[in-house]
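In: Sequence and computational prediction follow.
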Amino acid sequence: MTKPNTRIATHESKTVTLLFIGVALSYLLLFLGLPLFAVFYGALSKGWELYWTALQEPDAWSAIKLTFIAAGIAVPCNLVFGIAASWAIAKFEFKGKSLLITLIDLPFAVSPVVSGLVYVLLFGAQGWFGPWLQAHDVKLIFAVPGIVLATIFVTFPFIARELIPLMQSQGKEEEEAAVSLGASGWQTFSRVTLPNIKWGLLYGVILCNARAMGEFGAVSVVSGHIRGMTNTMPLHVEILYNEYNFVAAFAVASLLALLAVVTLMLKSLVEWQAKKSGEPLHHGA
Amino acid sequence: MASFRAHSVLPGFNLALGFTLLYLSLIVLVPLSALFFKTATLGWVGFYEVATGDRVLAALKVTFLTSLAAAVINAIFGLLVAWVLVRYRFPGKRIVDALVDLPFALPTAVAGITLATLYAPHGWIGQYFAAHDIKVAYTPLGIVVALTFIGLPFVVRTVQPVLEDVEAGVEEAAASLGAGRWDVFRRVIFPAIYPALLTGFSLAFARAIGEYGSVIFIAGNMPYISEIAPLLIVAKLEQYDYAGATAIAVIMLLISFVLLLGINALQWWTSQRGAR
């Protein structure tokens, strides 16, 4: 009959439980729920018609297109890097490995504004390669390539840091067995490694894509804010907001908020699938 | 084979590591080194003059204090949220759990304009503060609000898994030895989750130091009062003061490095305790 006694001591009283849940949920509602609702409310506050008109603006369209282009280049680049880095780090032993892992995390420690600044210093008019680029009529800064580069920089670690701990925890016995049975390197990777890491890979891609499409600070520094040319969706939101065109600003923002909601849903789905298939993910915060 | 790596039957090491190092150098290391070379053109005296300028010091102070305040708020409420999500059952818990990551998924500019609208004097939340003559948006308080939003998931997500691993048996043992609920928390649970809590706090703090997008809309950006260091970098860039902008960037980078080292040490400490 010790059960009821331990329950009193290992669980809080009903009042405290309700109080904790109440305070925690109020906090989340105030800081997460209300802002999310306010985005859509702001977008639709003057009716659907104005909402659609705002989204059909040519400048809005070109911002949407550029956002997809930047993410469409940055995510595959960082995917290839993430696979190469995790293969080298997880499947082999070499000196300087922990330094390499720290360096891969570096872009997360850098302010987005500084991430943009470094490319201005390299490729801007006064930068290292500035005169050479100008002589050859190539424009990287205040142009699309600079935006893509800045996006690659800020999303650099996402996929690698998801895959490295995952592949490390799986070891290399399965791959060694495949190779010793005569499989080629590519066969080993595509038939043994890839099925083992597919959920982690997908998880990394989802997070990487969300950040790539939503990045503001880094892209803002290299963009030059040329309407219809070098504005991504987040930058377009800023311009509209600063012009006091709130409905249009929130209309474009609502698309980004929708992207965030879809990202969260896919993320939960992948976590759930990974758990079900016995391949639990490693969460980096 | 070269002695710097152990022998392995698996193929692709040279290709994988070669590509990794090349890509890392081109995208991250060379661009970051440009920062230090550019600062070197200022010389030590020039760097010191920029770094100790009134406006720069004020911006660094605002950045540091608001980030600290937001990280403290997130440590307290993050612990509570993690506790509630791990220990209690309530309807809609899975949705709430997923929603915690919203600040990671929502673009910072969207968060910025939304929070600025909500906390403006006539906004849904700001009006209640305005009734008591408190201004939130366009003051340092507004910066704290934005930084609290973007740092919210860190503490929850670092504490949550550790809290799940605290064994019920330990708590029961403590309780059966006569410890009250508060004693069990203070002496058994808290020591177990303390390193994770500190890690989450540091991550939220580090993220807040560099944050730009969500802050600039709500901050008001008054020099000396509500101007953050990343914004000052942008302001200097717009005046084509590249060396000045770079000097501030280097200061911020050094702060980030120190924080990154601290966080790595904390995580190592956490894993050591877990392995015990």
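Out: Received it, and whenever you're ready, just let me know what you need.

In: drop to CA atoms for contacts and neighbour counts, all remaining ones
Out: Will do.

In: average model confidence for stretch B:222-242?
Out: Confidence over stretch B:222-242, taken as the mean pLDDT, stands at 92.

In: residues from the stretch 101-250 of chain A in reach of chain B?
Out: Neighbours of chain B within the stretch 101-250 of chain A, by CA under 8 Å from any CA of the partner chain: A:104, A:107, A:109-114, A:117-119, A:121-122, A:149, A:152-153, A:175-176, A:179-180, A:185, A:207, A:210-211, A:213-217, A:221, A:234-235, A:237-238, A:241.

In: From the residues you listed, keep the buried residues only.
Out: In terms of neighbour count (16 or more other CA atoms under 10 Å in any protein chain shown), the buried residues within those are A:104, A:107, A:109-114, A:117-119, A:121-122, A:149, A:152-153, A:175-176, A:179, A:207, A:210-211, A:213-217, A:221, A:234-235, A:237-238, A:241.

In: three-state assignment of A:Ala183?
Out: Reducing the assignment at A:Ala183 to three states with DSSP: H, G, I helix; E, B strand; the rest coil gives coil.

In: what about residue 64, how many neighbours?
Out: Reading this off chain A. Neighbouring residues of A:Ile64 were enumerated by other CA atoms under 10 Å in any protein chain shown; the total is 22.

In: think we crossed wires, I meant chain B
Out: Neighbour count of B:Phe64, defined by other CA under 10 Å: 18.

In: and it, which of the three is it?
Out: B:Phe64 ends up helix, using three-state DSSP.

In: ok, now how distant is it from B:Thr108?
Out: Here the distance between B:Phe64 and B:Thr108 works out to 19 Å (CA to CA, to the nearest Å).

In: Which of the buried ones among the residues of the stretch 101-250 of chain A next to chain B fall within helices?
Out: Among those, the subset assigned to helices under DSSP state H consists of A:104, A:107, A:109, A:112-114, A:117-119, A:121-122, A:149, A:152-153, A:175-176, A:179, A:207, A:210-211, A:213-214, A:217, A:221, A:234-235, A:237-238, A:241.

In: Low-confidence bits of the stretch 1-150 of chain A, can you list those?
Out: Within the stretch 1-150 of chain A, the ranges that satisfy pLDDT under 70 run A:1-10.

In: All the helices of it, residue numbers only.
Out: All helices of the stretch 1-150 of chain A, identified by DSSP state H, counting those that start in this stretch, fall at A:3-10, A:14-28, A:34-44, A:48-56, A:58-91, A:97-109, A:112-123, A:130-135, A:144-155.

In: Need those helices in TSV (columns: distance to A:Pro280).
Out: Formatted as TSV, these follow (distance: least, CA to CA, whole Å):
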stretch	distance to A:Pro280
helix A:3-10	29
helix A:14-28	27
helix A:34-44	29
helix A:48-56	40
helix A:58-91	17
helix A:97-109	21
helix A:112-123	31
helix A:130-135	47
helix A:144-155	23
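
In: Ok, which of those comes nearest B:Leu163?
Out: For the helices of the stretch 1-150 of chain A, proximity to B:Leu163 was assessed by CA to CA; helix A:3-10 is nearest, at 13.9 Å.

In: quick one: contacts for B:Pro31?
Out: Residues counted as contacts of B:Pro31 (CA atoms under 8 Å, 6 or more residues apart in numbering or on different chains) are A:118-119, A:121-122.

In: now, among these, which is nearest to chain B?
Out: Nearest to chain B among the contacts of B:Pro31, counting by CA to the nearest CA, is A:Val118 at 5.3 Å.

In: my read: the closest one touches B:Phe36, true?
Out: No - using CA atoms under 8 Å, A:Val118 is not in contact with B:Phe36; the gap is 9.9 Å.

In: and A:Ile206, how many residues sit next to it?
Out: For A:Ile206, the count of nearby residues is 22 (other CA under 10 Å).

In: residues near whichever residue of the stretch 151-276 of chain B sits closest to chain A, how many?
Out: As assessed by CA to the nearest CA, chain A sits closest to B:Gly210 within the stretch 151-276 of chain B, at 4.1 Å. Taking other CA under 10 Å as the criterion, the count of residues near B:Gly210 is 28.

In: Just list the residues touching it, thanks.
Out: Applying CA under 8 Å, 6+ apart, one finds that B:Gly210 lies in contact with A:110-113, B:230, B:252.

In: Same list, those residues, but as TSV with distance to A:Leu194 please.
Out: Output for those, formatted as TSV (distance: CA to CA, whole Å):
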residue	distance to A:Leu194
A:Val110	31
A:Ser111	33
A:Pro112	32
A:Val113	35
B:Pro230	40
B:Met252	39
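
In: Apart from its chain neighbours, what residue comes closest to residue 220?
Out: No chain in the question, so chain A it is. Distance criterion CA to CA, 6 or more residues apart in numbering or on different chains; nearest residue to A:Ser220, sequence neighbours excluded, is A:Leu235 at 6.6 Å.

In: think we crossed wires, I meant chain B
Out: By the measure of CA to CA, 6+ apart, the closest residue to B:Gly220 outside its immediate chain neighbours is B:Tyr138, 3.8 Å from it.

In: Quick check: pLDDT value at that neighbour.
Out: Model confidence at B:Tyr138, expressed as pLDDT, equals 91.

In: Am I right that it falls within a helix?
Out: No - with three-state DSSP as the criterion, B:Tyr138 is assigned coil and is not in a helix.

In: For it, grab phi and psi.
Out: Note on B:Tyr138: its backbone torsions stand at phi 70, psi 20 [degrees, to the nearest 10].

In: which ones are touching residue 112?
Out: Using chain A. With CA under 8 Å, 6+ apart as the criterion, the residues that contact A:Pro112 are A:154, A:216-218, B:210-212.

In: wrong one, I was asking about chain B
Out: For B:Gly112, the contacting residues are B:146, B:213-218, taking CA under 8 Å, 6+ apart as the criterion.

In: filter these by proximity to chain A?
Out: With respect to chain A, and counting by CA under 8 Å from any CA, the subset of the contacts of B:Gly112 in contact is B:Gly213.

In: got the contacts of B:Gly112 as a markdown table, with distance to B:Lys236 columns?
Out: Listed next are the contacts of B:Gly112 as a markdown table, based on distance: CA to CA, whole Å:
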| residue | distance to B:Lys236 |
| --- | --- |
| B:Ala146 | 23 |
| B:Gly213 | 17 |
| B:Ser214 | 20 |
| B:Val215 | 18 |
| B:Ile216 | 15 |
| B:Phe217 | 18 |
| B:Ile218 | 20 |
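
In: closest to A:Leu133 among the contacts of B:Gly112?
Out: B:Gly213 (29.8 Å).

In: Please report how far B:Ala235 lies from B:Leu177.
Out: Distance of B:Ala235 to B:Leu177, computed by CA to CA: 62 Å.

In: Repeat that for B:Gln272.
Out: Distance of B:Gln272 to B:Leu177, computed by CA to CA: 28 Å.

In: Can you give me the buried ones in stretch B:129-137?
Out: Applying a neighbour-count criterion of 16+ other CA under 10 Å, one finds B:129-130, B:135-137 buried in stretch B:129-137.

In: With stretch B:35-46 instead?
Out: Along stretch B:35-46, the positions that meet the burial threshold by neighbour count (16+ other CA under 10 Å) are B:35, B:38-39, B:42.

In: How about the contacts made by B:Ala82?
Out: Contacts were defined as CA under 8 Å, 6+ apart; by that measure B:Ala82 touches B:155-157, B:159-160, B:163.

In: For A:Val75, state which of those is nearest.
Out: A:Val75 lies nearest to B:Arg157 out of the contacts of B:Ala82, by CA to CA, at 24.3 Å.

In: what's the burial count for that closest one?
Out: Neighbour count of B:Arg157, defined by other CA under 10 Å: 23.

In: Model confidence score at it, please.
Out: Per-residue confidence at B:Arg157 stands at 94 (pLDDT).

In: again with A:His283
Out: In this prediction, A:His283 carries a pLDDT score of 55.

In: Ok, B:Glu171 next?
Out: Each residue has a pLDDT score; the one for B:Glu171 is 84.

In: again, but for B:Val258
Out: Predicted confidence (pLDDT) for B:Val258: 89.

In: tell me which element it is part of?
Out: The secondary structure element spanning B:Val258 is helix B:242-275 (assigned by DSSP states H and E).
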